[in-house]
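In: starting from these lines, generate the structure:
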Amino acid sequence: MFAVTAARIDAGDPLAGLEIGERREPPAPDGWVPVQVRAASLNHHDVWTLRGVGISADRLPIVLGCDAAGTDPDGNEVIVHSVIGDPDAGDGDETLDPRRSLLSERYDGTFAERVSVPRRNLVPKPPALSFAEAACLPTAYLTAYKMLFASSGARPGATVLVQGAGGGVATALVVLGRAVGYRMWVTSRSEAKRERAVALGADQAFPAGARLPERVDVVMESVGRATWAHSVRSVRPGGRIVICGATSGDASPAELTRIFFTQLSVVGSTMGSRDQLARLARFCEYSGARPLIDRTLPLAEARDGFAAMIADDLFGKVVFEA
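Out: Now for the predicted structure:
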């Protein structure tokens, strides 16, 4: 089958380890079903894999990709939940299973004509969503959904600051937060990205590190070291910082004195459960919220999408169509 594969690890030049072409399709494990992929979306996780973060060379080659939408063996239109885990080991939440993984970590991922997953990992695709839109949901939009509606504790009308406008999770936070009436603020070093965030629905956009008009109720943090001090200073006493990543590295120092003195909550949030993905799909269907897609490319041109992500030349999601 045709696939996009991580063949080698190269931290300095991740594209050097990317291979695109025919690959032998392995047999599916017992209880798993094949999905004919119609669309798949790119995440920073795929670039990190090529850099060797979260994976070791002995697991290569492996098909990249966490997200997909397509059809199951019975012809049903489905969305693939990318978390491979046991809900019973996580008190009902597979993201809390200590042995959980994502597609493309231990098992081949979605950047292929077909992907095999446990049957319970299939979620019905609402007819109102295109395959390309549905393929954006399982990682970036599910992460944003859980951050906003399960981890933030935000009340209706809350002011939410999103650090680093333009990425998949950041744009998802704006789209979903706006749909339920939060006042969404964003930061970015790029004036063009700030303008696009406002056009997308953000109430205000500020340069990275700028002093805000007032402190916010919640900060959504995925950048880490470059924005952490600003996040801690931007949230009101008793407010919350929700962290889903640290693309610029771990924060140093941790600002512990300010955190305890202003009684802040710092909450980690990773992906979301299969049931949360199903609710997210229904939310998009009924609210009219739709993922923002930067560009759609044939799977054969996946290298161009990776290059755009590495160069930070994106606003929204990159979708590959098989």
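In: domain-wise, how is this structure divided?
Out: In terms of domains, the chain is parsed into 2-136+291-321, 141-268 (source: automatic domain parsing).
In: Serialize those domains to CSV and add fields for mean neighbour count.
Out: C-beta here means a position set from N, CA and C on the backbone, and glycine is covered the same way. Output for these, formatted as CSV (neighbours: other C-beta atoms under 10 Å):
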stretch, mean neighbour count
domain 2-136+291-321, 19
domain 141-268, 19
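In: in a markdown table: those, plus mean pLDDT and distance to Ala278.
Out: A markdown table is the format used below for the domains of the chain (pLDDT from 0 to 100; distance: least, C-beta to C-beta, whole Å):
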| stretch | mean pLDDT | distance to Ala278 |
| --- | --- | --- |
| domain 2-136+291-321 | 95 | 5 |
| domain 141-268 | 93 | 10 |
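In: I'd like to know which of the ones you listed is closest to Asp275.
Out: With distances scored as C-beta to C-beta, the stretch of those nearest to Asp275 is domain 2-136+291-321 (8.8 Å).
In: just give me how far stretch 116-136 sits from the chain centre.
Out: Averaged C-alpha coordinates place stretch 116-136 at 15 Å from its chain's average position (C-alpha atoms, centre = their mean, to the nearest Å).
In: same question for stretch 75-83.
Out: Remark: stretch 75-83 is offset 16 Å from the chain centroid, using C-alpha atoms, centre = their mean.
In: residues in contact with stretch 221-229?
Out: Outside stretch 221-229, the residues within contact range by C-beta atoms under 8 Å, 6 or more residues apart in numbering are 163-164, 167, 169-170, 187, 208-209, 231, 241-252, 255.
In: select from those every entry located in strands.
Out: Members of the contacts of stretch 221-229 lying in strands (criterion: DSSP state E): 187, 241-243.
In: and which of those residues is nearest Leu200?
Out: So of those, ranked by how close each gets to Leu200 (C-beta to C-beta), first place is Thr187, at 14.3 Å.
In: ok, so what distance separates that closest one from Ile20?
Out: 35 Å (C-beta to C-beta, to the nearest Å).
In: the residue lying closest to Asp10 once chain neighbours are set aside in helix, strand or coil?
Out: Excluding its sequence neighbours, the residue lying closest to Asp10 (C-beta to C-beta, 6 or more residues apart in numbering) is Ala16, at 4.4 Å. Assigned state for Ala16: helix (three-state reduction, DSSP: H, G, I helix; E, B strand; the rest coil).
In: can you check Gly109 too?
Out: Secondary structure, three-state DSSP: Gly109 is coil.
In: any idea how far it is from Ile259?
Out: Applying C-beta to C-beta, the value for Gly109 to Ile259 is 37 Å.
In: repeat that for Arg114.
Out: When distances are taken as C-beta to C-beta, Arg114 and Ile259 turn out to be 47 Å apart.
In: got the contact list for Arg99?
Out: Taking C-beta under 8 Å, 6+ apart, we find Arg99 in contact with 85-86, 89.
In: isn't Ala16 right next to Ala7, touching?
Out: No - under the criterion of C-beta atoms under 8 Å, Ala16 lies out of contact with Ala7, with a separation of 9.3 Å.
In: hey, where'd the strands end up in the stretch 101-250 of the chain?
Out: Read by DSSP state E, counting those that start in this stretch, the stretch 101-250 of the chain holds these strands, from start to end of the chain: 101-102, 114-118, 122-124, 159-162, 183-188, 204-207, 216-221, 235-243.
In: taking the centroid of this protein, which residue is nearest it?
Out: Here the mean C-alpha position of the chain is nearest to the C-alpha of Ala140 (C-alpha atoms, centre = their mean), at a distance of 2.1 Å.
In: distance of the residue nearest to that one when sequence neighbours are not counted from Leu148?
Out: In this structure, Ala140 finds its nearest non-sequential neighbour in Gly168, 3.4 Å apart by C-beta to C-beta, 6+ apart. Applying C-beta to C-beta, one obtains 15 Å for the distance of Gly168 from Leu148.
In: Val318 reaches Pro298, doesn't it?
Out: No - with the criterion set as C-beta under 8 Å, Val318 and Pro298 do not qualify as a contacting pair; they are 11.9 Å apart.
In: determine which of the domains of the chain approaches Arg274 most closely.
Out: Nearest to Arg274 among the domains of the chain is domain 2-136+291-321 (4.6 Å), distances taken as C-beta to C-beta.
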